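>>> okay, structure incoming, though there's no sequence with it:
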């Protein structure tokens, strides 16, 4: 029996009747569109298994549930065969058998059920091999701030727990705690060895954590931004209902330790309303507060045509959306939201298929759509917007229609019910793009791509990427390069904004292209199955004591490796690490304080465009300036009369340049003497300062001196700092 007959036989078994392809809008239900799709798929599964529901009873779906009484809901869900966890009085996360979803929704204590969404790691889709020092933005910055006393938490996949980058000078682990959600293990402060066991993780978490908080080792200068911070690792299955549990635990752990915290989320999705209105986003938002910050990658879809928007002028007008049909993409997944938050229907949606050979639209009745795809419409309870979700198996569709997949374009005909109708639609990344064919279909664009479920959290810091160096030398001695991206420019893959909410995203830019950091030797970036020190991404190795190893002496069994990668996954932890330094200086910082600092200190240049304080959809408020931000964080601390965290024995932060050195004072001092000495002529300048406050600065202009070697000496009542400087202009 050929495939077409088999599919026809399967349709007959499923009992589908002839139906048009209009998408019904559900109102007043106690579940969202994602849950609605799961319910429809469960019905198909039961029918396909001749009415047996054993599969649905044994498979647990993941959900975020709004309730009136969390404790009652947790107990009731358990009776129905599910598992639930209290997040707050009015929210629980749950794992529920598909066959019990409606029963859970019917519970008196349940207000609304939302299906969990899975995020993706924010790696560059182009899989570019790239490089820069993880501390490149601060290469001339000498600071006593290392993130000590601050928790840097990372939710990710692919941790090498025992990497040398996560140990102190004595070889002790700097990892405070681990909660391996992927392996369904309990939180522990007994740090495992080896890897977290997440298959195909490409060692992403090890790389990310190294950028944020990797230790200083003798064998190289690839330390992270906050090498003295405490590290918390959360290997994750990447479902957002789990993230709520993770952040709740991280916040409680930080409170027990009495430390500020910053969470890095180098992951994102493209499916959702992009306005910060979901229950997940609003709950995550509530975790952000004084001394608690969330930093998230914008995503790497800046070169993808996965967004489209349209505003109708007249009721009855129609437009088509056509989906790409590349055979390498086996399915389409599209999410659509009306712009009107009024609880009304403004759009009529019809599923269509365009045949590019016959130049005609094909019928989607006779059960074809019901078998090869799913669609669900709702008035979303959170934002009162009209919402549609579509999923289709393209190979099955082509087989049912007896056509080559490349001849067919699945799509939507969207008709305005009134003159105020407008919408935005997004593809799930990797599931196709919006295309125009033979005059039909709106061409896709790359706008409104704030990372959904991470950067879209209103108070989170959304981080985009700009380019740094374009060459590196491998451990085996090859000098390689990646070209086509101009150094200093915003990375072409960095997802732009804006958000459809009130917050402006991206917030800030940091180096994400051409980055070097710690590699997981168990699941390496280029070789997820096996590790090779010959890899083009491997640039350095050290032993357990942190001593440099060459190609000959490095080994898989005993060495720790460093290498290259790119993406907003890497710009995000750079910001997380810098914020850990600022939190060490000022543990009272709030998300709003950080936003103010960015507005006043971020760098605007020829690549970002705009003036200080400006915001743009591609560059946010500009490129992060670790030094200027630290200065302002100290000024805020002094203005608030808070206790200082830096001892007087470490009085200054130095920003060293070819033309001038900036001396930033970390603590209040009654008097300070700053002198410059020439090795040939003795003291050549002296500046005396009285009543210095944290955040005050003095500048040593080197242009006034002849070339030669000088000594800068800074004397306070409690400390003396001396540094050599070479004037070469």
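Arrived safely, thanks for sending. Quantities reported herein were computed from a predicted structural model and do not represent experimental measurements. Numbers count the residues shown, from 1 in each chain.

>>> what about the strands in the stretch 51-200 of the chain?
Secondary structure of the stretch 51-200 of the chain (DSSP state E, counting those that start in this stretch): strands at 60-67, 83-88, 91-97, 110-115, 120-121, 141-142, 151-156, 175-178.

>>> so how far is the third one off the chain centroid?
Averaged C-alpha coordinates place strand 91-97 at 24 Å from its chain's average position (Cα atoms, centre = their mean, to the nearest Å).

>>> sheet partners, orientation included, of it?
Strand 91-97 sits in its sheet next to strand 60-67 (antiparallel), strand 83-88 (antiparallel), going by DSSP bridges.

>>> still on that earlier bit, out of the strands of the stretch 51-200 of the chain, deepest packed?
Mean neighbours per residue, mean count of other Cβ atoms under 10 Å, is largest over the strands of the stretch 51-200 of the chain for strand 151-156, with a mean of 29. Placement of C-beta: from N, CA and C, glycine included.

>>> sheet partners, orientation included, of it?
Short version: by DSSP bridges, strand 151-156 pairs with strand 230-235 (parallel), strand 261-265 (parallel).

>>> would you mind giving the ones you listed as JSON lines with mean pLDDT added?
Formatted as JSON lines, the strands paired with strand 151-156 follow (pLDDT from 0 to 100):
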{"stretch": "strand 230-235", "mean pLDDT": "98"}
{"stretch": "strand 261-265", "mean pLDDT": "98"}
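
>>> now render the ones you listed as TSV, adding mean neighbour count and distance to residue 658.
Below are these laid out as TSV (neighbours: other Cβ atoms under 10 Å; distance: least, Cβ to Cβ, whole Å):
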stretch	mean neighbour count	distance to residue 658
strand 230-235	26	35
strand 261-265	30	32
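
>>> how many residues are close by the spatially closest residue to residue 542 that is not a sequence neighbour?
Leaving aside its chain neighbours, residue 542 sits nearest to residue 219 (3.8 Å; criterion: Cβ to Cβ, 6 or more residues apart in numbering). For residue 219, the count of nearby residues is 17 (other Cβ atoms under 10 Å).

>>> so residue 219 sits against residue 553, correct?
No. Applying Cβ atoms under 8 Å, one finds residue 219 not in contact with residue 553, separated by 11.3 Å.

>>> re earlier: using JSON lines, lay out the strands paired with strand 151-156 together with distance to residue 302.
Formatted as JSON lines, those follow (distance: least, Cβ to Cβ, whole Å):
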{"stretch": "strand 230-235", "distance to residue 302": "27"}
{"stretch": "strand 261-265", "distance to residue 302": "18"}
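
>>> looking at the ones you listed, which is closest to residue 665?
Of all the strands paired with strand 151-156, strand 261-265 sits nearest to residue 665, with 24.3 Å by Cβ to Cβ.

>>> quick check: what element follows the closest one along the chain?
strand 267-268 (DSSP states H and E).

>>> pLDDT (mean, whole number) over the following helix or strand past that next one?
Note on strand 267-268: by DSSP H and E, the next helix or strand toward the C-terminus is helix 279-287. Averaging pLDDT along helix 279-287 yields 96.

>>> which residues sit against helix 279-287?
64, 66, 87-88, 91, 112, 114, 117, 240-241, 243-244, 247-248, 251, 276, 294, 382, 453, 456-460 (Cβ atoms under 8 Å, 6 or more residues apart in numbering).

>>> now do the helix or strand following it against strand 151-156, angle only.
Next along the chain after helix 279-287, taking DSSP H and E as the criterion, comes strand 292-297. Put simply, strand 292-297 runs at 40 degrees to strand 151-156, going by axes from the mean of the first three to the mean of the last three Cα atoms, to 10 degrees.

>>> hmm, back to that, what's the closest of the strands paired with strand 91-97 to residue 650?
strand 83-88 (40.0 Å).

>>> and residue 246, backbone torsions?
Here is the backbone geometry of residue 246 (degrees, to the nearest 10): phi -60, psi -50.

>>> ok, so what distance separates it from residue 687?
49 Å (Cβ to Cβ, to the nearest Å).

>>> which of these two has more residues huddled nearby?
Taking other Cβ under 10 Å, residue 246 and residue 687 do not tie; residue 246 has more neighbours (20 against 14).

>>> give the contact list for that one.
Applying Cβ under 8 Å, 6+ apart to residue 246 gives the contacts 155, 179, 181, 234, 236.

>>> in the sheet, who's paired with residue 690?
Here residue 690, judged by DSSP bridges, has bridge partners residue 671.

>>> just confirm it contacts residue 696, I think it does.
No. When contacts are counted by Cβ under 8 Å, residue 690 is not listed as touching residue 696 (10.8 Å).

>>> the more surrounded of the two?
For residue 690 versus residue 696, the count of surrounding residues by other Cβ under 10 Å is larger for residue 696: 19 against 8.

>>> what sits against that one?
Counted by Cβ under 8 Å, 6+ apart, residue 696 has contacts 664, 665, 689.

>>> bridged to the first one, which residues?
With DSSP bridges as the criterion, the beta-bridge partners of residue 664 are residue 653, residue 697.

>>> distance of it relative to residue 141?
For residue 664, the distance to residue 141 - Cβ to Cβ - is 10 Å.

>>> between those two, which contacts overlap?
With Cβ under 8 Å, 6+ apart, residue 664 and residue 141 have common neighbours 627, 653, 654, 655.

>>> looking at those, which is nearest residue 225?
residue 627 (12.4 Å).

>>> on the three-state scheme, the closest one is what?
The assignment at residue 627 comes out as helix when based on DSSP: H, G, I helix; E, B strand; the rest coil.

>>> okay, it: pLDDT?
92.

>>> likewise for residue 7?
For residue 7, pLDDT reads 37.

>>> before we move on, what about residue 532?
Residue 532 is given a pLDDT of 80.

>>> where's it, which helix or strand?
Following DSSP H and E, there is no helix or strand that holds residue 532.

>>> got the phi/psi numbers for it?
Torsion angles at residue 532 (phi, psi; degrees, to the nearest 10) stand at phi -140, psi 130.
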